[in-house]
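A.B. asks: Provide a 3D model corresponding to the input given below.
(2 chains)
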Amino acid sequence: NAGVTQTPKFQVLKTGQSMTLQCAQDMNHEYMSWYRQDPGMGLRLIHYSVGAGITDQGEVPNGYNVSRSTTEDFPLRLLSAAPSQTSVYFCASSYRGWNTEAFFGQGTRLTVV
Amino acid sequence: AQRVTQPEKLLSVFKGAPVELKCNYSYSGSPELFWYVQYSRQRLQLLLRHISRESIKGFTADLNKGETSFHLKKPFAQEEDSAMYYCALKAQGGSEKLVFGKGTKLTVNP
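C.D. replies: Presented below is the predicted three-dimensional model:
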């Protein structure tokens, strides 16, 4: 059972470059989300989706785009990378509803130079 | 708006000592509260949810609506408990947003 799979695990970008972080889940979860983890800041929600075709902004959406064309995939796009986007990114998924557990990917460590 | 506060960034205890990781929340409705744990080089995973009232790895957490708290407790800490602990709140009503606190790094010394 693969669970939540993120690719790549590590990435170095130059300022201004764009890239897409991939996230896929095989549990048929309706809800998917992206977080960034920074020292002393915890996990901050970037974007989330409650189902295919539906996305919404979280706490820190600027500089990121998402789409949800299928239930399984929820890619995160960095439009023009900035050093402030250096972080560890986590994708998570869960069933909708009361008291459901979120399952996390292993993370993508992104460095923008 | 949902908000989760973990006042301690770092917490260090000795093996066998009791440990309490504090979590306070701000939410006008009835919250769903969770504790997630991240061991070194591993992904985040669920430790506890308030609705279950269960004990996992010796940890318990009680929801206190009057004090808007959901503190995590263990009577006798073990070295393998050393990890990053996050308290999280999910709002009811369909948005499904899961909001995390800033986390507490627990170190259990031998």
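
A.B. asks: A:Thr100 contacts A:Ser94, correct?
C.D. replies: Yes - the pair A:Thr100 and A:Ser94 passes the contact test of C-beta atoms under 8 Å, sitting 4.7 Å apart. For every residue, glycine as well, the C-beta is placed using N, CA and C.

A.B. asks: what do the two both touch?
C.D. replies: A:Tyr31 (C-beta atoms under 8 Å, 6 or more residues apart in numbering or on different chains).

A.B. asks: For A:Thr18, list the residues it contacts.
C.D. replies: Wrong residue type there; residue A:18 is Ser, not Thr. A:77-81 are the contacts of A:Ser18 under C-beta under 8 Å, 6+ apart.

A.B. asks: Only whichever of these are buried, select them in ChimeraX.
C.D. replies: Filtering the contacts of A:Ser18 down to the buried ones (16 or more other C-beta atoms under 10 Å in any protein chain shown) takes a single ChimeraX command:
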select /A:78,81
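
A.B. asks: And the contacts of A:Ser18, which is closest to chain B?
C.D. replies: A:Arg77 (20.5 Å; C-beta to the nearest C-beta).

A.B. asks: That closest one: what secondary structure?
C.D. replies: Following DSSP: H, G, I helix; E, B strand; the rest coil, we place A:Arg77 in the strand state.

A.B. asks: ok, now which ones touch whichever residue of chain B sits closest to chain A?
C.D. replies: Closest approach of chain B to chain A (C-beta to the nearest C-beta) occurs at B:Lys102, with a separation of 3.6 Å. Each residue near B:Lys102 by C-beta under 8 Å, 6+ apart is listed here: A:40-42, B:6, B:9.
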